[in-house]
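Next one to model:
(2 chains)
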2 protein chains.
Amino acid sequence: MTIRIGILGYGNLGRGVECALRQNEDMELVAVFSRRDPEKVKTLTGVKAVSLDDMEAYKDKIDVMIICGGSATDLPVQTPKYVSHFHVVDSFDTHAKIPAHFSAVDEAAKAAGNCAVISAGWDPGMFSLARLYSSVILPEGKDYTFWGRGVSQGHSDAIRRIEGVLDARQYTVPVEEAVAQVRSGSQPDLTTREKHTRECYVVAAEGADLARIEHEIKTMPNYFADYDTTVHFISMEELKRDHAGLPHGGSVIRTGVTGLDKEHSHVIEYSIKLDSNPEFTAGALVASARAVYRLAGEGKSGCFTMFDLPPAYLSAKSPEELRKELL
Amino acid sequence: MTIRIGILGYGNLGRGVECALRQNEDMELVAVFSRRDPEKVKTLTGVKAVSLDDMEAYKDKIDVMIICGGSATDLPVQTPKYVSHFHVVDSFDTHAKIPAHFSAVDEAAKAAGNCAVISAGWDPGMFSLARLYSSVILPEGKDYTFWGRGVSQGHSDAIRRIEGVLDARQYTVPVEEAVAQVRSGSQPDLTTREKHTRECYVVAAEGADLARIEHEIKTMPNYFADYDTTVHFISMEELKRDHAGLPHGGSVIRTGVTGLDKEHSHVIEYSIKLDSNPEFTAGALVASARAVYRLAGEGKSGCFTMFDLPPAYLSAKSPEELRKELL
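Sure, this is the predicted structure:
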């Protein structure tokens, strides 16, 4: 039984899903759907590209549509819209807006009798699961999430919008002393500035006022003002040579106490180190697509998150194999 | 709504569950059931002890029975037996015998219309979940599990059975170079000896032949022969002073590749560091009891493992709270 998959949106994430599907033998990629002229979309694996306008014709040819748009403007529209025609998965990652996105998708999914998983990825996603599992085992404790070292695309974009900037790459870097303090179990109260620093690699236009650019970056509210930020001006060649990838990573650490007098202390840590942020997210999307397919097969409908998915539903292995090989 | 819990078996694990329940406000401990004379069982929190013979009278007073016996002889009998009267949770941890235990419990549970979760804890349990989640995100990769530094009760017991040994404590210790190699993503093939060493602290009877004891330990098949083992003879005072606790820990690491030409490498690591092995296991049992209660409330019956439990079922928080606070 092969699960037939469609990809909606063909950027870094869509290409990551395309590659990931080749590593999952129970799945088959039917087509990539794009806003662009399909004649001009050249896919990595040669799978055909189809215009968004022709998507409904694929209603019976696709089991799960993996929606690979951005969280800012694409997904809030696309996921509720397309769940009317398909079972869907997305990686919606604007934490504060998840409840609203969930409601919109849930309503549309239930009306259509379809299933959706939203916010699959690593944060939200695997990091959220780490927070949940750790909190239930150590109910009296404290959570810490560190991101990096890795490229933040949102912060890189924010720098690019500054006048005189041609291109930029921003790395989020956890403060090692803070991580060590957390791992010790001392449950410190850490400010934003104490947890992460920000490193910026900026290509400026010829003749641009570098001091002004650096000042605008370091004082930018929300993005940089609350952090110790360093700015390095480099050439376009250096940027392309040394900063082309999208590595990322991070840790979720919970420390907590147990025992009659809370005399025992414990540390749980979930860490990832990724060469490619979008390809790791793609892995979570593909596994979630398998779970969606199974939920739909049980006659379920509505919106789900990774919190609702029995872990076994994510795997191509049978429950018997999982118990024997991985339990 | 309070979930009414019973504890069956009152050793280290049972006491751990007793303490953990005080950290979970939606649960209430009704009684501890023991083979011993209840007059002689003094519980940590003053909850009443009841003889195993009087257990059936509690059928309608307890929602979930947490079975805290040993995997060697207790659980293979107790879990299938008591699931006929109660929804149950256990921490059965003999990996090779999990499929047989699952079948026996599943059959009895279905016949009675009750629910069971078996093999909750950290390995099997949280480590199993780490293996499963990592394998679905990185299907092309390799898993490594390291245990320790921590006390292995099975290995300590094995030393105690040697003639002339009064008491002993055995620590399992991961080899740091091996862990570093695995974290690098190089996917080494490691022998048993290359992954862990074993440290033994032994109290010998006066006049015992220490050389013989050391030789018997180091050559013991299955337990020590395949490892680099060190043996330290210490006094009973030293053992009681320096080795009274049951610390443990370990890591599950998976490294894998993604991308069109598998050009990107990733590392996922789940690590724990525990002051008290049984109290951490107790935390997993208690959370699983909550999930069992919910499965039963849905009219389900049969045997489950943590692979089958939607993560949200483990938490006292509502799905809305979880999405808002932890996703």
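
isn't residue A:52 right up against residue A:35?
Yes - here residue A:52 lies in contact with residue A:35, judged by Cβ atoms under 8 Å, at a distance of 5.5 Å. Bear in mind the C-beta positions are built from the backbone N, C-alpha and C, glycine included.

ok, residue A:52 to residue B:38 distance?
70 Å (Cβ to Cβ, to the nearest Å).

where does the stretch 51-200 of chain A come near chain B, residue by residue?
Contacts of the stretch 51-200 of chain A with chain B, taken as Cβ under 8 Å from any Cβ of the partner chain, map to A:95, A:98-99, A:102, A:119, A:124, A:126, A:128-133, A:135-140.

Let's verify residue A:143: helix, strand, or coil?
strand (DSSP: H, G, I helix; E, B strand; the rest coil).

lowest average confidence, helix or strand, in chain A?
Every helix and strand of chain A was ranked by mean pLDDT, DSSP states H and E. The lowest is helix A:153-160, at a mean of 93.

Paired strands for whatever helix or strand comes next after it, with orientation please.
Once helix A:153-160 ends, the next helix or strand along the chain (criterion: DSSP states H and E) is strand A:165-174. Applying DSSP bridges, strand A:165-174 is found paired with strand A:150-151 (antiparallel), strand A:196-204 (antiparallel).

And the strands in the stretch 1-150 of chain A?
Counting by DSSP state E, counting those that start in this stretch, the stretch 1-150 of chain A has strands at residues A:3-8, A:27-34, A:49-51, A:64-67, A:87-89, A:115-117, A:141-147, A:150-151.

Please read the previous query as pertaining to the stretch 151-300 of chain A.
So, for the stretch 151-300 of chain A - with DSSP E, counting those that start in this stretch - the strands run A:165-174, A:196-204, A:228-233, A:248-258, A:264-274.

between the ones you listed, which gets nearest to residue A:6?
strand A:264-274 (25.3 Å; Cβ to Cβ).

strand partners of that closest one, parallel vs antiparallel please.
strand A:248-258 (antiparallel), strand B:264-274 (antiparallel).

show me the contacts for the spatially most central residue of chain A.
The residue lying closest to the centre of chain A (Cα atoms, centre = their mean) is residue A:121, at 3.9 Å. Counting by Cβ atoms under 8 Å, 6 or more residues apart in numbering or on different chains, residue A:121 touches A:91, A:93, A:280, A:281, A:284, A:285.

For residue A:48, state which of these is nearest.
Nearest member of those to residue A:48, counting by Cβ to Cβ, is residue A:285, at 20.2 Å.

Mind checking which of the residues of the stretch 51-200 of chain A next to chain B land in helices?
Using DSSP state H, the members of those that fall in helices are A:98-99, A:102, A:126, A:128-133, A:135-137.

Dump the residues you listed to CSV, plus pLDDT and distance to residue A:295.
Below are these laid out as CSV (pLDDT from 0 to 100; distance: Cβ to Cβ, whole Å):
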residue, pLDDT, distance to residue A:295
A:98, 97, 19
A:99, 97, 21
A:102, 98, 15
A:126, 98, 19
A:128, 98, 18
A:129, 98, 17
A:130, 98, 23
A:131, 98, 23
A:132, 98, 19
A:133, 98, 21
A:135, 98, 25
A:136, 98, 22
A:137, 98, 26
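
Most neighbours among the residues you listed, which one?
The most crowded member of these, judged by other Cβ atoms under 10 Å in any protein chain shown, is residue A:137 (30 neighbours).

Quick check: closest non-adjacent residue to that one.
Nearest residue to residue A:137 in three dimensions, chain neighbours excluded: residue B:283, at 3.8 Å (Cβ to Cβ, 6 or more residues apart in numbering or on different chains).

contacting residues around the one you found?
A:136, A:137, A:138, A:139, A:258, B:16, B:20.

Residue A:239 now?
For residue A:239, counting by Cβ under 8 Å, 6+ apart, the contacting residues are A:167, A:168, A:169, A:201, A:203.

Pick the one among those residues closest to chain B.
residue A:169 (17.4 Å; Cβ to the nearest Cβ).

What is the neighbour count of the closest one?
Residues near residue A:169, counting by other Cβ under 10 Å: 24.

swap in the one 4 residues further on?
Residue A:173 has 18 neighbouring residues, counting by other Cβ under 10 Å.

Would you check that it makes contact with residue A:198?
Yes - the pair residue A:173 / residue A:198 is scored as a contact, 7.1 Å apart, by Cβ under 8 Å.

check contacts around residue A:209.
By Cβ under 8 Å, 6+ apart, the contact list for residue A:209 reads residue A:164.
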